[in-house]
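Chemist: sequence first, predicted coordinates after that:
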Amino acid sequence: MTRPRSRILVVDDDPDIRELLSDRLQLMQLEVTCAADGQEALALLRQEAPPLTLLDLQLPRLNGMEVLQAIRREGLETTVIVITASGSVERAVEAMRAGAYDFLPKPLDPAYLEVVITKALERDSLREENRLLHGELKNAIERAVVLSTGPEIGPRDLPILRGESDEDTPTEASGTYHEAVLQLKRELLRSALDRAQGNQTRAAEALGLQRTYLSRLLKDLGIRDPEERTP
């Protein structure tokens, strides 16, 4: 099965730069959409929700900073890399404070462009994995609740389910409920490690945990660390 190509929106009022970027990004197996001004860019962001946006700050109708502010205000999910004029460090810093992930100075360097785009795609991939893992956690929690035959689950038990407590045993829950919660934790951690191909650092990042805390959880739950396995 062919994996769908990642999508990117290129926003620049210079047609030559749009063509140059489009050609280069297509060589990276990206699906490219272009916009020539800020208003067109916002319309495409609202309609198509591209995961990645390459945004020039000097634009007609709406400039790049105004587009960034609208993205933040409307909660549009896209990773933004801004394009700045040579030497415009202050503008780049301002854009990153407004929510941009990174910046590219003009004149654009093709090799550096590829490095920055690759990093942004990896970040987007981790965010998507994180969403999937939280969905799996929700399903596992629902299974744990169904499996529980002990007392009714109350508010004091919810932090245990969400993984917000360091205590292994809920104070008001049956042994069956306790085992169900431990099992859902094991399922979540194994799934995270599988998706990260055994890499604890990536798994911890996807779960929003410190790597040292993940290592402790693996030990406490009896899950063997894949990085310690002998070939």
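Modeler: That came in fine, so what should we check first?

Chemist: wait, is Leu104 part of a helix?
Modeler: No: Leu104: not assigned to a helix; according to DSSP: H, G, I helix; E, B strand; the rest coil it is strand.

Chemist: now do the buried residues in stretch 112-128.
Modeler: Neighbour-count burial for stretch 112-128 flags Leu113, Val116, Ile117, Ala120, Leu121, Arg123, Asp124 (criterion: 16 or more other C-beta atoms under 10 Å). The C-beta positions use only the backbone N, C-alpha and C, and glycine is treated the same way.

Chemist: over to stretch 77-86?
Modeler: Using 16+ other C-beta under 10 Å as the test for burial, stretch 77-86 gives Thr78, Thr79, Val80, Ile81, Val82, Ile83, Thr84.

Chemist: average pLDDT across it?
Modeler: On average, the pLDDT along stretch 77-86 is 88.

Chemist: could you dump it to CSV, C-alpha only?
Modeler: Coordinates of each C-alpha in stretch 77-86 appear next as CSV, following Å, rounded to 0.1, in the frame of the first residue of the first chain:
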residue,chain,number,x,y,z
GLU,A,77,-3.4,23.1,12.6
THR,A,78,-0.3,23.6,10.4
THR,A,79,3.4,23.8,11.1
VAL,A,80,4.6,27.2,9.7
ILE,A,81,8.1,27.9,8.4
VAL,A,82,8.5,31.6,7.5
ILE,A,83,10.7,33.0,4.7
THR,A,84,12.5,36.2,5.6
ALA,A,85,14.6,38.8,3.8
SER,A,86,18.4,38.4,4.3
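
Chemist: residues contacting that stretch, please?
Modeler: 9, 12, 45, 49-58, 64, 68, 71, 91-92, 95-96, 99-108, 116-117, 120, 123-124 (C-beta atoms under 8 Å, 6 or more residues apart in numbering).

Chemist: which element, helix or strand, includes Ala206?
Modeler: helix 200-207 (DSSP states H and E).

Chemist: just Ala41 next, same as before
Modeler: Per DSSP H and E: Ala41 is located in helix 38-48.
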